[in-house]
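>>> Make a model of this:
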Amino acid sequence: MRILLVDDEPRIADTLSFGLFENGYNATVAYDGETGYGMFHQQQFDLLVLDINLPGLNGYELCKRVRKENAKIPIIMLTALSTLEDKIEGYDAGADDYIVKPFEFRELMMKIKVLLRRSNNTVQPTGNLLHAGDLIMNADTREVTRAGTPVNLTVKESQLLEFLLRNKNRVISRADIAISVWEIDFETNTNIIDVYINYLRNKIDKPFSEKLIHTQVGLGYILKETK
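The predicted structure follows:
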C-alpha cells in the first residue's frame, strides 16, 4: 500500500514515514502542498495524510483538488488545528477522517487500516439504490436526488446519509453514527454529528414540505420513509 504524506515539519514527516515503513506501508513524503499535489499526479497512491498549515497550497485546498479528481481515495487530515470549525472545514473539503496533533501513532495506524479496508471493499452490485420516499441515493455513484432534483453532498454528508438510509425507520443513536460513519468512538463532548445532521436537513428536507429526518429527544435520529 502506497501512502502520500504531506507535512511541512520534516521531523514529524520523516518520523511518520519511518513508522509507516515499519508497519509495511510505502510512504512518500512531500513538505508543501504544491509538491504533494504534483506527486499525487505522478504516482498511484492508496491513501493520503495531509497537514493543513502547509506553505503555498494549504491542506484544505489540496484536499479539495484531490477530491475533485478522485472521489474515493481515503484522506486523513493530521493537524494541530483542533476546533470544531477546523474539523468541519476539513470534512467539507473532502477528508474522511481528522486527527489532532499531538496524537498517538497507533491511532493513525488504526484509522489508516480502517479506511484502507473500507476502500478495498467498496465493490457493490450495479444499481445499488437506496430509497426513502422520493429520496433516492445510488450507493455506487454517490448520486442523490429528491423528487427528481439532484442534491450535492460532501463526502461525509454522503456517508451519513447512506447510513441513515440503510437504517431507515429505525432510531439511530449518536454513538451508532460515530462508530459507523466516523468509525471511531467520537468525542462525547462534540456536536459535530448534530452539525452534519443539520447540513443534511438543509439539503434534503428544507426545500421540501415533507421532512424525512427527525430527532428523537434523548435517543438520536430517525430517517422516516414517507408513505
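>>> Can you report how many residues lie near the residue lying closest to residue 191 once chain neighbours are set aside?
Once flanking residues are discounted, residue 191 sits nearest to residue 84: 7.1 Å by Cβ to Cβ, 6 or more residues apart in numbering. All C-beta spots, glycine's among them, are computed from the backbone N, C-alpha and C. Neighbours of residue 84 under the rule other Cβ atoms under 10 Å: 12.
>>> can you check the one 5 residues further on too?
Under the neighbour criterion other Cβ under 10 Å, residue 89 is assigned a count of 18.
>>> Does it belong to a helix, a strand or coil?
helix (DSSP: H, G, I helix; E, B strand; the rest coil).
>>> any idea how far residue 70 is from the residue lying closest to residue 71 once chain neighbours are set aside?
Of all residues not flanking residue 71 in the chain, residue 142 sits nearest, at 6.8 Å (Cβ to Cβ, 6+ apart). Distance, residue 142 to residue 70, using Cβ to Cβ, to the nearest Å: 13 Å.
>>> Check residue 212 too.
On the measure of Cβ to Cβ, residue 212 and residue 70 end up 30 Å apart.
>>> Comparing the two, which residue is more hemmed in?
Neighbour totals were compared for residue 212 and residue 70, and residue 212 leads with 23 against 13 (other Cβ under 10 Å).
>>> any idea of the pLDDT on the more buried one?
Note on residue 212: pLDDT of 95.
>>> got it, and the one 3 residues further on?
With respect to pLDDT, residue 215 has a value of 94.
>>> Can you tell me the element it falls in?
Here residue 215, judged by DSSP states H and E, is contained in strand 213-216.
>>> Quick check: which helices or strands does that strand pack against?
strand 220-223 (3 or more Cβ pairs under 8 Å, 6 or more residues apart in numbering; DSSP states H and E).
>>> helices and strands around the strand it packs on, which ones?
helix 155-166, helix 174-177, strand 213-216.
>>> if we go to 7 Å?
strand 213-216 (3 or more Cβ pairs under 7 Å, 6 or more residues apart in numbering; DSSP states H and E).
>>> Verify the assumption that residue 115 is located in a strand.
No. If the criterion is three-state DSSP, then residue 115 is helix and not within a strand.
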